[in-house]
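**Q** just need the structure, nothing else, for what follows:
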Amino acid sequence: MKKLLVVLLASLCWANVSAQDFLGPVEIEIGLGTSFSGTCLSDAEPSLCMAAEVRYNFDAPWDVGVRFGMGKVWRDWRKYDGKYRFRDYMVVGDYNLRRGKNFSFYAGFGVGFSSLRNRIWSDCDGGYTEDYAFVCMPRVGFELFRCVRLSAGYAISSKTYDNLQLGVAVVFGGWKKR
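**A** Got it, this is the predicted structure:
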């Protein structure tokens with residue numbers, strides 16, 4: 001199923017090339033990836049994560065947008081063991097190098113908040129708790145053929161929920177082909 005989703009997202013990239021002249025400076029990005037968390041990334045267990053982003057590209061090499069991401073993180077801390085759901089809501093900004101070329105780099109930063117849903121396992125009862133935390137995420141990546149983005153970001157929210165996110169995304173819209 002995961003392989004089918006990756007093939008579907010990759011095929012959308014080539015199906016959308018003609019629409020890139022129509023949308024102008026607004027980009028919509030939809031991506032899948034994996035998140036790693038743990039006290040040491042070498043001990044981390046990967047989990048699926050997804051993200052959607054809407055960006056506005058300025059005439060300068062900057063862009064700004066909003067990002068919604070969700071996934072799971074692994075945590076082993078006291079009675080809270082297992083995978084926990086997170087939802088990130090961020091304002092993001094990127095600086096782009098070689099924008100409009102077939103291969104371009106970007107580096108950016110996101111700031112917002114995260115909703116964290118934990119399942120509590122205990123001998124007495126089981127249930128959920130919902131926490132909210134400030135989150136910031138430095139990120140880097142590159143864009144291929146103006147329609148596929150490969151990215152890496154480290155979401156910093158609190159010591160127990162920090163996670164590294166690696167992803168592949170399809171970009172709809174954006175700048176005209178040059």
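
**Q** any idea which helix or strand carries residue 33?
**A** When elements are assigned from DSSP states H and E, residue 33 belongs to strand 26-36.

**Q** run the angle between the helix or strand harbouring residue 50 and strand 26-36 for me.
**A** Assigned by DSSP H and E, residue 50 belongs to strand 47-57. Computed by axes from the mean of the first three to the mean of the last three C-alpha atoms, to 10 degrees, the angle separating strand 47-57 from strand 26-36 equals 160 degrees.

**Q** now the helix or strand just after strand 47-57 against strand 47-57, angle please.
**A** Scanning forward in sequence from strand 47-57 by DSSP H and E, the next helix or strand is strand 62-77. In terms of direction (the same axes, to 10 degrees), strand 62-77 departs from strand 47-57 by 160 degrees.

**Q** circling back: would you mark the buried spots in the strand holding residue 50?
**A** 47, 49, 51, 53, 55, 57 (16 or more other C-beta atoms under 10 Å). No exception for glycine: its C-beta is placed from N, CA and C like everyone else's.

**Q** need the contact partners of the strand holding residue 33.
**A** Strand 26-36 has contacts (C-beta atoms under 8 Å, 6 or more residues apart in numbering) with 5-6, 9, 44-57, 63, 65, 71-73, 149, 151, 155, 163-174.

**Q** buried subset of the residues you listed, written for PyMOL?
**A** Buried residues within the contacts of strand 26-36, by 16+ other C-beta under 10 Å, are selected in PyMOL with:
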select buried, resi 9+44+47+49+51+53+55+57+63+65+71+72+73+149+151+155+163+164+165+167+168+169+170+171+172+173+174
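
**Q** helices of the chain, start to end?
**A** Ranges of helices within the chain are 2-15, 20-23, based on DSSP state H.

**Q** pick out the shakiest of those helices, pLDDT-wise.
**A** Here the lowest mean pLDDT among those goes to helix 20-23, at a mean of 38.

**Q** my guess is residue 102 contacts residue 145. True?
**A** Yes - the pair formed by residue 102 and residue 145 meets the contact definition of C-beta atoms under 8 Å, at 5.3 Å.

**Q** quick check: the two most widely separated of the buried residues of strand 47-57?
**A** 47 and 57 (31.0 Å; C-beta to C-beta).

**Q** from residue 94, how far out is the residue lying closest to residue 131 once chain neighbours are set aside?
**A** Using C-beta to C-beta, 6 or more residues apart in numbering and skipping the chain neighbours, the partner closest in space to residue 131 is residue 116 (4.3 Å). Distance, residue 116 to residue 94, using C-beta to C-beta, to the nearest Å: 25 Å.

**Q** hang on, the earlier thing: direction included, what does the strand holding residue 33 pair up with?
**A** strand 47-57 (antiparallel), strand 163-173 (antiparallel) (DSSP bridges).
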